[in-house]
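mind folding the following:
(one chain, ligands or ions: 1)
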Amino acid sequence: MISTLKKFFGYSGFRPYQKEVIEKILERRDCLVVMATGSGKSLCYQVPPLLVGKTAIVISPLVSLMQDQVMALKQRGIKAEYLGTGQSDHSVHNLAQSGHFHLLFMTPEKACLLPVSFWSKLLEVGICLLAVDEAHCISEWGHDFRVEYKQLDKLRNILLDVPFVGLTATATEKVRIDIINSLRMNDPYVAIGSFDRKNLFYGVKHFNRGTLFMDKLVQEISKFAGNGGSTIVYCTTIKDVEQIFKSLQEIGIKTGIYHGKMSSKAREESHRSFIRDELHVMVATIAFGMGIDKPDIRQVIHYGCPKSLESYYQESGRCGRDGIASVCWLYYTGSDFTKADFYCGELKTENQRKAVVESLMIAQKYCILATCRRKFLLDYFGEHVSADNCGNCDNCRFSKKERDLSREAFLLMACIQSCRGKWGLNMPIDVLRGSRAKKILDVHFDKLPLHGLGKSYSSNWWKSLAYQLISHGFLVETIEDVYKFVSVGEKGVQFLSSARPDYQPRLVLPLTSEMADDEEYQSATSGVGEFKNFVTLESEGFSEAEVQLYHMLLEERMKLARIIGTAPYAICGDQTIKKIALTRPSTKARLANIDGVNQNFPGRSAPIKEQTVCEYLLDAAQDGFEIDWIRFCHEIGLTREIFVDIQAAINKVGSRDKLKPIKNELPENISYTHIKTCLQMHSCGMSLEVVPPSHLSMSKVGELQNQVSDNSTVTRTQEREVHPIHDEDLYSPDKRQKINENEGSSTVLEATENSILNWLKTYEEGVSLSDILEHFNGSKRESVIDLLSTLEAGVLAFLGASLLGAGVGGGADKRRGSSDGSGCAISFAIWCFGNKFQLYGFLGGKSSRNDINAAVAFNSCVTLKHAKSSASLVSPFSLSL
Ligand SMILES: Nc1ncnc2c1ncn2[C@@H]1O[C@H](COP(=O)(O)OP(=O)(O)OP(=O)(O)O)[C@@H](O)[C@H]1O
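Below you'll find the model as predicted:
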């Protein structure tokens, strides 16, 4: 099972419940899977067909969703297709019927319309499961009821022994029972996962409509979009959608728009561009809903509070499905909670209307909450959390300003009591604020002693306080039809009984953002919420260079996706890219070990052509990097004799502009690489002395280097006081750079992973293998090498260095089952050239083991200075020889 998971999905382990559900399906048992958005439900139905070689039927509500899933599955080498509108390939039907596909998607309508003969034929070859995705659509109690889903039970009569699997991210007990009954499940295995989306930050802020806020919001969105994350902005009205869309477009943000009044073609186009990362922001109504399968949305903003917490959880849950830290901000205004009439629309029964009002009240409670938002959300969905501080919501992260609000609380509660009767919040607040409106004069509330005592605060401020008092049990809100009434609760009565107009017991409450804003209290949390990802790459241990590398890999993925015509996330997830950037895998096997790298991962069949390596080195020389020309010439077989021939050919041609005429003047064995090298050396001001004569063996090259350095016709390399790297240098005690001359002659130190890493950290300039061996004199060379090879990412430079020493790198690699040392080549290549090789090696080319070995050799031509400057791109330690 694990090998199939790795082969197709690149994951090395299952997430909670996945394995159990798959096992039950294989036992042909019906299953109901209730797990949070992004928890990995799809895998439960994607793996069984790969294991048993029979088709899995997946019922999905939307064609666009099916198309996205099919696209991503194909990218993984899985045979997947969909049947239904938009399917232009007529062969799909027959292929599907013959069991050709691992996964066959269709809408419920299509499933019910397919002739029995289709199912019979497919049953003959085998159907391993029928999955009903978004299964809550089956239930009238669910928030997305669809009549077509109700008819799926018809299939039960045809697919008698096929396990039915219902999957949903939101389902109350009632809905669960409904799904089980509607699909006529037989003793189903029910898997209910946690609803906690730990990677999501939840934040809420009150806002006042107007251009000031809109400008700030647009600015923040644009900053975030500039960092490459995808954003969805949900608005409650089409008017808001259009306004935000326009504002973002005006400042040049790649923004899409999506709402119910657009044509389906325009919506599809918008959706498609968004999932392909051609747009950074999507501004939408909730019409942009179910079926958004994009795993790397980094933030969801709600401009206006949704009608229920269920809707909010689902909409906000669309971000960070890949598990990477993402941000959900909800902006609300008081008027969001007065829309009950609007939401009730055509609802007829009082119970239905009451349910809408109740949902809105809970959403409002969430907004004004001063305690942990995650806890509140999870409690609401029936999941008990003992911790009071999640550390990843605005209330737990930002310290709110607290104040003794005993006097204000006293005024409000006393006023509510004085008003008596059934009033909402507006009446007592208007009284406190000294209103002389007709409704107040009519009932003589202007005569109340409290009239006008609360003038210094706005109506919103008082409402905020009221909701705080409601959430703490001092006030109670009740609903009758769509009307809300407020009264003083038991706790409030106790408070009032122990208070007098000139004395109130202390009541310290946090100031909500609304109250704070109203008091013009500028705190870190006022205005627009900060959109930055609170978990930054840096805080995850990325160095500056690794961040750079990560972004470069993202760009390469984007380019590749464009070429293939797919979404970047279908190639691999951000998490996988992060791991590549952090570990910089040095062998194909190690690359394959990274979570998310599957059989189809670009570059798995790796490639660095010798010629490419040379080109990069010559490019590097042109860019001003130092190159060990002696070694380079030796490696490519450029002898003095050839150099002289090339010079003569250049003179004869009389121009350096074109290579072909020069090549034509030379014998076959002189390659373009020789010519290019010669030309590059010329432009770098290198002299002939640098080039080794043809009879010189590599072991003598070092001597030549020494001679050259003593010679007055010095090369540019020496002018810059850069010492070429030699094999010999690593092992020659007199050439070895001492880290600390006085160190450790008498102490016997043993090497462990930690001691090596800690010791290395103190040498920013890097160390050589011999330094490490000398320092950890209590450990054998073999065991130090073993330790270093397990610390690959941390001591990447060492692996590169070890390759320079005869066979050490190979030795380390052999122990890990790779005999060619190619991994080190890539590591070292990366080390030397930062992104170039890595990108080439992993994301595109074609090459052989020999080429990679060649890369090893060539890389060793790079001098320390060059290596060091580039090494900072990828390695925490650079090599010093
Ligand atoms: N075992 C696993 N290891 C690592 N990543 C996984 C694993 N299973 C799934 N994922 C990844 O988690 C992300 C979300 O998975 P998936 O789309 O299946 O979630 P879901 O529960 O179906 O969500 P939704 O309710 O939105 O449809 C995907 O990027 C998927 O590749």
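
and the stretch 501-650 of the chain, which residues reach the ligand?
573, 595 (C-beta under 6 Å from any ligand atom). C-beta coordinates here come from the backbone N, C-alpha and C atoms, glycine included.

how about the chain?
11, 14-15, 18, 35, 37-43, 169, 295, 321-322, 573, 595.

who does the residue nearest to residue 469 when sequence neighbours are not counted bridge with?
The spatial neighbour of residue 469 that comes closest, neighbours along the chain excluded (C-beta to C-beta, 6 or more residues apart in numbering), is residue 475 at 4.4 Å. For residue 475, the residues forming beta bridges with it (DSSP bridges) are residue 488.

ok, now which ones touch residue 475?
For residue 475, the contacting residues are 412-413, 416, 466, 469, 486-489, 492, by C-beta atoms under 8 Å, 6 or more residues apart in numbering.

who wins on neighbours among the residues you listed?
Among these, the one with the most neighbours (other C-beta atoms under 10 Å) is residue 412, at 28 neighbours.

contacts only, for that residue.
With contact set as C-beta under 8 Å, 6+ apart, residue 412 has these partners: 428-429, 432, 454, 462, 465-466, 469, 475.

and it, what element?
helix 406-419 (DSSP states H and E).

go through that helix and flag the buried ones.
Using 16 or more other C-beta atoms under 10 Å as the test for burial, helix 406-419 gives 406-416, 419.

just the CA atoms of the next helix or strand after that helix, as CSV, please.
As assigned by DSSP H and E, the chain's next helix or strand after helix 406-419 is helix 426-432. What follows is helix 426-432, C-alpha atoms only, in CSV (Å, rounded to 0.1, in the frame of the first residue of the first chain):
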residue,chain,number,x,y,z
ASN,A,426,-31.1,49.6,20.1
MET,A,427,-33.6,51.0,22.6
PRO,A,428,-31.4,50.9,25.7
ILE,A,429,-28.4,52.1,23.8
ASP,A,430,-30.3,55.0,22.3
VAL,A,431,-31.5,55.9,25.8
LEU,A,432,-28.0,55.9,27.1
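
now for helix 426-432, which elements pack on it?
Judged by 3 or more C-beta pairs under 8 Å, 6 or more residues apart in numbering; DSSP states H and E, the packing partners of helix 426-432 are helix 406-419, helix 438-442, helix 459-471.

and the first one with helix 459-471, angle?
Going back to what we said before, that points to helix 406-419. Using axes from the mean of the first three to the mean of the last three C-alpha atoms, to 10 degrees, one finds that helix 406-419 and helix 459-471 are set 90 degrees apart in direction.

from the chain's centre, how far out does helix 406-419 sit?
Relative to the chain's own centre, helix 406-419 is displaced by 49 Å; criterion: C-alpha atoms, centre = their mean, to the nearest Å.

before we move on, what about the shortest one?
Using C-alpha atoms, centre = their mean, we find the averaged C-alpha position of helix 438-442 to lie 57 Å away from the chain's own average C-alpha position.

that helix packs against which elements?
helix 426-432.

so for the helix it packs on, what gets flagged as buried?
427-432.

which element is the nearest residue in space to residue 546 that is not next to it in sequence on?
Closest residue to residue 546 apart from its sequence neighbours, by C-beta to C-beta, 6+ apart: residue 581 at 5.2 Å. Following DSSP H and E, one finds residue 581 within helix 574-583.

for that helix, what is the distance to the chain centroid?
10 Å.

what about the closest residue to the ligand within the stretch 351-500 of the chain, how many residues nearby?
The minimum distance from the stretch 351-500 of the chain to the ligand, using C-beta to the nearest ligand atom, falls at residue 381 (14.2 Å). Using other C-beta under 10 Å, residue 381 is surrounded by 16 other residues.

give me the pLDDT for it.
pLDDT, residue 381: 83.

what number of residues lie near residue 679?
Counted with other C-beta under 10 Å, residue 679 comes out at 16.

please apply the same query to residue 509.
Residue 509: 21 neighbours (other C-beta under 10 Å).

Provide the strand pairings for whichever strand or helix holds it, with the direction of each partner.
For residue 509, the host element (DSSP H and E) is strand 508-510. Note on strand 508-510: by DSSP bridges, its sheet partners are strand 402-404 (antiparallel).
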